[in-house]
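Q: build the 3D model from these lines:
(2 chains)
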Amino acid sequence: QVQLQESGPGLVKPSETLSLTCDVSGYSIRDGYYWGWIRQPPGKGLEWIGSIYHSGSTYYNPSLKSRVTLSVDTSKNQFSMKLTSVTAADTAVYYCARRTFYYGSGSAPDYWGQGTLVTVSS
Amino acid sequence: QSALTQPAFVSGSPGQSITISCTGTSSDIGAYNYVSWFQQHPGKAPKLIISDVTNRPSGISNRFSGSKSGNTASLTISGLQAEDEGDYYCSSYTSSISLVVFGGGTKLTVL
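A: Model (predicted):
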């Protein structure tokens, strides 16, 4: 069974960097698919942040591209996200998921982490 | 404002069928069969229920079905059950700079 688990601080100060890691079990990132992040502000809809392949190939939401960096560590079977210069608008539940980029038949986020709430506040 | 347009609210009685629409453009839904649907219950992660416009992942009830016509995709839930109550989101690939877009979500109430 594929499982994903987000980890990282729940509170980040404005202008600082938000860092999250997603640990994957039950599937090797090296075996394929795009992995990535989707966020959901409280009471609002879903927003795609970006996706990364095990090779390091990335795609980013252009509205966040200047502030976000995804990375992958296949030896630990995990991938990570950094979002710089955060503001209150970045307060959201952050989900990591498998198949977060539409690339080939059957592409759609099929396994999700439980989500982690990140609040941006001083 | 979301790139894909969904009705904010939909309701139906147990046993009935309902349809949720998701309207995009010729750059996303109209151009690709990369349309997916997600169900989300309060406090839970979204759950994939439809991929590639019409495909149900393993374990998803056949009461859920997807379709597409032009720039609009639709999710139909037949034989409505109380457990179907929740939020539903559509998503698509887009050839615009955005790459991956979501609808604003539809809240389904089972009366």
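Q: contacts only, for the nearest residue to residue A:87 once chain neighbours are set aside.
A: Excluding the flanking residues, the one nearest residue A:87 by CB to CB, 6 or more residues apart in numbering or on different chains is residue A:14, at 5.7 Å. From N, CA and C alone the C-beta is placed, and that goes for glycine too. Contact analysis of residue A:14 by CB atoms under 8 Å, 6 or more residues apart in numbering or on different chains lists A:86-88, A:120-122.
Q: among those residues, which lie within strands?
A: Counting by DSSP state E, those place residue A:120 in strands.
Q: format the contacts of residue A:14 as CSV; extra columns: neighbour count and pLDDT.
A: Shown next, in CSV, are the contacts of residue A:14 (neighbours: other CB atoms under 10 Å in any protein chain shown; pLDDT from 0 to 100):
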residue, neighbour count, pLDDT
A:86, 18, 98
A:87, 9, 98
A:88, 11, 98
A:120, 19, 98
A:121, 9, 97
A:122, 9, 96
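Q: among the contacts of residue A:14, which one sits closest to residue A:44?
A: residue A:88 (13.2 Å; CB to CB).
Q: isn't residue A:96 right up against residue A:113?
A: Yes - counting by CB atoms under 8 Å, residue A:113 is a contact partner of residue A:96 at 4.5 Å.
Q: ok, which stretches of chain B are strands?
A: Under DSSP E, chain B gives strands at B:9-12, B:18-23, B:35-40, B:47-50, B:64-69, B:72-77, B:86-93, B:100-102, B:106-110.
Q: cool, chain A as well?
A: Using DSSP E, strands in chain A cover A:3-7, A:11-12, A:18-25, A:35-40, A:47-52, A:58-60, A:68-73, A:78-83, A:92-98, A:116-120.
Q: hmm, who's touching the last one?
A: Right, the one you point to is strand A:116-120. Residues from elsewhere that reach strand A:116-120, judged by CB under 8 Å, 6+ apart: A:6-14, A:18, A:20, A:86-94.
Q: mind doing that once more with 10 Å?
A: Contacts to strand A:116-120, defined as CB atoms under 10 Å, 6 or more residues apart in numbering or on different chains, come from residues A:5-16, A:18-20, A:22, A:39-40, A:42, A:83, A:86-96.
Q: contact partners for the spatially most central residue of chain A?
A: Taking CA atoms, centre = their mean, the centroid of chain A lies closest to residue A:37, which sits 2.4 Å from it. Counting by CB under 10 Å, 6+ apart, residue A:37 touches A:6, A:20, A:22, A:47-52, A:60-61, A:64, A:68, A:70, A:79-81, A:83, A:94-97, A:100, A:113.
Q: what about 8 Å?
A: If you count contacts by CB under 8 Å, 6+ apart, residue A:37 has them with A:20, A:22, A:48-51, A:70, A:81, A:94-97, A:100.
Q: what's the nearest residue to it if we skip its chain neighbours?
A: Of all residues not flanking residue A:37 in the chain, residue A:49 sits nearest, at 4.1 Å (CB to CB, 6+ apart).
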